Structures are given as C-alpha cells and as structure tokens.
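> just coords:
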Ligand SMILES: [Zn+2]
C-alpha cells in the first residue's frame, strides 16, 4: 500500500444493459439510471461527491460538446467539481484517482458512455488516425486489427481456430452476465476483414458504466469489501503502426510493471481486448499464467460500448472483489488502433 | 398535466463534414511533395534507421530528425489483411488487401492498399511496387495503391536527398464526411411533435417541480428524470434581451432587431427568441409577448407584444 500517498478503492460499480440501438434515449436519458444506481450503492448523494469525471467522444454522437448534456443527469447545480476526457472512462478514472491522491477530493464519481448507433463506428474511428498519412485512406478499426491478427498468425503465436476459441470462451462466459450484448454461443461467421471473422470482432453497441472511488476509511465505511487500487499506470506506443511490432504490447508490459502486476500473482484478469487476437497479445504482455481467469464477464467481445468498455473492465474487476470472488485482479483498458494506448490497474481486496 | 404517451421517436439524417486544413512541417512537406513527383522519401535517424513514411522526431530519442533519403518504390509486405467489402472512401472500390509495406531501403513500414485478384494471391513477404495515381496533388493518395511485382529486392543504399522540389506542398486539406442518423430521444421528440401542433410542452421535475422547456429528460439540479409533461405558454414574458446590430449570413432579418429570453407562462426557465411587431428600442423587460407562426414553420418565427400590461418584476425575477 506504500506505493501511493493515499489508499483509494472502487466502492461501487454499475453499468447499463449494452444494446445495439437505443434510439428512444438521449445520452442523458441513457446515462442517468446508471448514475442513480452507482450512487445508491454507496448511499452518497450527487452533492456529496468530491469530484466527477466522465469519458465519451463527440465523434460517436456527431455533435460538439455532447458530454455537457449528460451533466444534467449528475445534478450539476449547485456547481460541482467536474472534468471530462475525450477517451474511454478508464482514463477518466485515472484522472479522478490522481485528484484523490492530491488530497483535493475524498470521493469521485466516474462515468462514461458511448452511443455508437447513430453513426458507422468503423468509419468514425478512422478519424482518430494520423491525419497526414493514414486517415486519408480510411482504414477502419477491423482492418487494422486484422493486420495485427495476420502478424500474430505469421509469427506462429496463434491461428484462426485459436482465435475462434477466444471468442467462443468470451461469449460463453457472458451467458452469466445480464448486461452483455452477445451472450452464449455466437456463430464464428464470415470474414469481416481476413483473417478476422465476425466472431473475432466486438459487437457495436450503446452503453454506460459508472464507478465511485473513495479514499481510506471512507471507502471502508461505504463498502463492505472495497476494491483497493494498489497500482495504476498508462502508457502509449509510437503512433505510426509501421514502427511497431504488432505482435507485442510493450506499453501494456511497462504500465503493468509500474502498476505492480508482476509483484504477486493475480487470480483474475479483465482485459479490454476488442478483437480476439488482441487477447493473445495482452496475455503475453501481462505474463498471465494459465490458471488466471480471463474475462469472466465476457469482456469486450461480448459488449464493447465505445468509451465505456475500458471502465467496465475496472468495474467488473472491482465487482468481483466486492462479492469475494477474486482477491487480486489485473484490469486493463485500451484506446486507439491495435492496442495503441494501454492502462493497467491492480485491484485487491483486504486479506481475510 | 398528463403522463407522456410513449412517442414514436423521431429520427433524421445528420451529416457532419469538415475540411481540416493542416500545415506540413519540412519533413512531411518533402515527403508529400515527393509523392507528387513519384519520389519516395524517408528520414534517417541518428542510429541509421530509415523511416518511411518519415516523421519529424525520433520516436525513441525524441531528437529532431531532418536527414532525408530517397528509397525505392518497390518493397516487401510485412503483414496484410484481405478486405472483401471496401468501405466508402477507401483507396480501391474492388476487394483489396490492406498491407504494411517496407520499401527497399527503409526500416519501417507504410500502410496502404494492395490491388490483388484475391486473398490467395497475397502473402507476407511478397514483393510489391507503388502504382502511382494518374493525378497527384501531394497527398498519401498519390500512391493509388500497391501492386504485386516479380522483382527481387532493389539493391543499393538509400540515396541522400535535399528534399527540394519546385512548388512544394506546404499543407493538406483533410476532407471528411461522416453520416449519422440523429435521434433526439424521448423528451425532445415529445417537444418537437408538440411544436408541429403549435403547442409548447415542457417537463416537470418531480423533485423541485421546475418545468423545463425545451425538456431534455433530466433536471440538471436534482439529477433525476423529468417525466410529467406540461403544456406552457403560449404567451410569455421578456425576462432580458439584447439588440442585434450585425446581420448574420443567410439570415433575412433587417438589423437592428431584438433577441430576447422569454419565460413562457408556466415554464421554469426562459427560452430565447426574436421579438417583432414593435420598434426595437421599445422592447423592455416584463413585456408580454406571444408566438407568431409562419405557414409551414416548425417553430415560432418570432414573438410579438400581446398588448397586455407589463408583468411585475417580482413575477419573473427568478427566471432571469
Ligand atoms: Zn429538480
């Protein structure tokens, strides 16, 4: 626990059901019930939260400053201390964690959401690529993941049947997750971009996640079994894909080392691997032993609401500690093409 | 007050288009101008690696790098992915392979498309060459795509190049168009549908009882859903206003005119609209106004005085 100035724990987690479309709901209508549930779990009122931080992307909604609308669901009057990242909510959680470490807040509400249904998310995501050399070619997220998958197959680290098994295992696990979008057996399907088939790719959907963080004894009062964040770090690769070894994720490995993943065994891993091939890369980078339970929630292959799927990994990891199902969990979030950016957190329950 | 009926949610196409104008630094300028002249340039890092496409700073040392070299237009595929169904705006409209290609003389790979008959004709390690676009402007798309070739690796070292071209490209316009189907959600659908009947509806917060117009489905103070629909107006009170002296582009309204905050009767906050039917210098706080609809209009064109006496300041001071 001596790694950081303050002990900080995830004390509550809530998420929406993740659905292909939510036309009848505006963003705030989608977000608000999840915020109510996560606050109710702690007994805190919005006005009692020290810091609020959210993650989302205007490109999904097709509108500028779309996140300001969801603030209505927080109850932002009287004024609150608030911030936003144009990223997955896992990075909003990192900002909130830093805020608590500085002593400026004792509690934080972190939420994120993605409503991909209004647009074509494969085309939308091309706009986050290098605007000079790459974006003008409009390579979509599936195409870039497929280049990574081919590199892994060529290197002998996996094959198409092993990739299919990752997808099948994920959706089998998701059968027990009432929030997941794809649950139970899903046909492996046709090639989307070869070598990736439908079953290797995440569903496109809308969804929301929220967590509450609290420091020290306050966390113990708010939660019977707090999920302590004993390590957290995030790292990024060089932005040009042609410079990178796509079969590896040195940024994940470095973040994991700084977060203390390798200091002791983990029993569970919640990995944000939107494509089956990316789980292969992450398992290697994190050095996961064969007996580690990977993505018991079903992971991103079962529900991948953009900007929320990474925060969900931290939330699912914490929820397992809350209910005593895990003791030491590694949670991972990614952003950008081919595991461009990676955040790694270690969550631990009190020894009992 | 009636419970909101479950409305058929509104949907409409929403197109977002943006032509970002981007400046090129010296390295990117040389590279993209080079493509226009069918010349592929890279940069050499301090440890002798040649990067194509070139970057301005070494990704390892963060050193500025400016040493340009020319590499071959032939190369080797390092990884690939077969794209059966090209999406709009991708380099080819027939099935093709995405490829990372390390050009002869380069140490890093360039992303582009490979025109090949089918996935069985593509493999890692295959030899390819640049197919130049017929019309070139100084953009990555000056490479139309790659095509298979039988040549072995081109011999020789990358050749130093001064990066000097006549009429260098110094910027690009990154055009983008994204298509969405916008849906305003339940609360705003009810508001828009009511406007089509020339009615204005808001929603009441069950906690603080404020009536929001237009409703967004949530009370920003209490952070709870607003679900009770309330009809407000049609008349209202000017709570504050400004006089506009600048004529907006494509707006057919003579200046000066008055733009005001108007608290419709029964509403818990003011919305804004133009005031007409009265000289601009006679508009005042407390003025009672009503909406004026034009034929086929989907919202009030403007508000005009009702002729009633002005509202007491105390009646609207909380809404300013
Ligand atoms: Zn209220």
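Happy to help now that I have it. Quantities reported herein were computed from a predicted structural model and do not represent experimental measurements. Numbering: from 1, shown residues only, chains lettered A, B, ... in the order given.
> residue numbers of the stretch 201-320 of chain B in contact with the ion?
With CB under 5 Å from the ion as the criterion, the stretch 201-320 of chain B comes near the ion at residues B:205, B:207, B:208, B:219, B:221, B:222. Glycine gets a C-beta too; all of them are placed from N, C-alpha and C.
> now, those that are in strands?
Judged by DSSP state E, strands contain the following of these: residue B:219.
> neighbours around residue 274, how many?
Reading this off chain A. 23 (other CB atoms under 10 Å in any protein chain shown).
> look at chain B instead
Neighbour number of residue B:274 under other CB under 10 Å is 18.
> so how far is residue B:128 from residue B:80?
10 Å (CB to CB, to the nearest Å).
> where do the contact lists of these two overlap?
Common contact partners of residue B:80 and residue B:128 (CB atoms under 8 Å, 6 or more residues apart in numbering or on different chains): B:99, B:114.
> what about the chain, any weak spots by pLDDT?
In the absence of a named chain, this looks at chain A. A:1-2, A:352 (pLDDT under 70).
> please go with chain B instead
B:1-7.
> can you give me the helices for it?
Taking DSSP state H, the helices of chain B run over residues B:26-36, B:185-195, B:313-316.
> need those in CSV (columns: mean neighbour count and distance to chain A).
Putting the helices of chain B into CSV (neighbours: other CB atoms under 10 Å in any protein chain shown; distance: least, CB to the nearest CB, whole Å) gives the following:
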stretch, mean neighbour count, distance to chain A
helix B:26-36, 22, 6
helix B:185-195, 21, 3
helix B:313-316, 12, 20
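> ok, residue B:196 - how many residues close by?
10.
> ok so, going back, just the buried residues of the residues of the stretch 201-320 of chain B next to the ion.
Buried members of those, counted by 16 or more other CB atoms under 10 Å in any protein chain shown: B:205, B:219, B:221, B:222.
> just the residues of the stretch 201-320 of chain B next to the ion now: which is nearest residue B:312?
Within those, the smallest distance to residue B:312 is 23.1 Å, found for residue B:208 (CB to CB).
> go ahead and confirm that closest one touches residue B:220.
No - if you go by CB atoms under 8 Å, residue B:208 and residue B:220 don't touch, sitting 10.3 Å apart.
> just flag the most distant two among the buried ones among the residues of the stretch 201-320 of chain B next to the ion.
Counting by CB to CB, the most remote pair of those is B:205 and B:221, 7.3 Å apart.
> so what's the residue count around the closest residue to the ion within chain A?
With CB to the ion as the measure, residue A:75 is the residue of chain A nearest to the ion, at 8.2 Å. The number of residues packed near residue A:75 is 24, by other CB under 10 Å.
> just to revisit the earlier point, can you sort out which of the buried ones among the residues of the stretch 201-320 of chain B next to the ion also neighbour chain A?
B:219, B:221, B:222 (CB under 8 Å from any CB of the partner chain).
> from those, which single one is nearest chain A?
Distance ranking of those against chain A, using CB to the nearest CB, places residue B:221 first at 4.4 Å.
> who are the neighbours in contact with that closest one?
Residue B:221 is in contact with A:75, A:77, B:205, B:208, B:210, counting by CB under 8 Å, 6+ apart.
> which residue of chain A sits farthest from its center?
residue A:78 (30.4 Å; CA atoms, centre = their mean).
> now the closest residue to that one other than its chain neighbours, what are its backbone angles?
In space, and not counting its chain neighbours, residue A:78 is closest to residue A:47: 7.3 Å by CB to CB, 6 or more residues apart in numbering or on different chains. With angles defined as degrees, to the nearest 10, residue A:47 shows backbone torsions of phi -70, psi -10.
> tell me where the stretch 251-352 of chain A has strands.
A:268-270, A:293-294, A:328-335, A:341-348 (DSSP state E, counting those that start in this stretch).
> can you check chain A too?
Using DSSP E, strands in chain A cover A:8-15, A:51-55, A:82-85, A:107-115, A:191-193, A:196-197, A:206-215, A:227-236, A:268-270, A:293-294, A:328-335, A:341-348.
> any chance of the ones you listed in JSON lines, with distance to residue A:38 too?
Converted to JSON lines, these look like this (distance: least, CB to CB, whole Å):
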{"stretch": "strand A:8-15", "distance to residue A:38": "4"}
{"stretch": "strand A:51-55", "distance to residue A:38": "12"}
{"stretch": "strand A:82-85", "distance to residue A:38": "16"}
{"stretch": "strand A:107-115", "distance to residue A:38": "7"}
{"stretch": "strand A:191-193", "distance to residue A:38": "34"}
{"stretch": "strand A:196-197", "distance to residue A:38": "34"}
{"stretch": "strand A:206-215", "distance to residue A:38": "4"}
{"stretch": "strand A:227-236", "distance to residue A:38": "14"}
{"stretch": "strand A:268-270", "distance to residue A:38": "18"}
{"stretch": "strand A:293-294", "distance to residue A:38": "24"}
{"stretch": "strand A:328-335", "distance to residue A:38": "17"}
{"stretch": "strand A:341-348", "distance to residue A:38": "16"}
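> possible to save these as a markdown table with distance to residue A:276 and mean neighbour count?
What follows is the strands of chain A, written out as a markdown table (distance: least, CB to CB, whole Å; neighbours: other CB atoms under 10 Å in any protein chain shown):
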| stretch | distance to residue A:276 | mean neighbour count |
| --- | --- | --- |
| strand A:8-15 | 22 | 27 |
| strand A:51-55 | 25 | 26 |
| strand A:82-85 | 27 | 18 |
| strand A:107-115 | 21 | 29 |
| strand A:191-193 | 12 | 23 |
| strand A:196-197 | 8 | 23 |
| strand A:206-215 | 20 | 28 |
| strand A:227-236 | 23 | 22 |
| strand A:268-270 | 15 | 26 |
| strand A:293-294 | 12 | 18 |
| strand A:328-335 | 14 | 27 |
| strand A:341-348 | 17 | 27 |
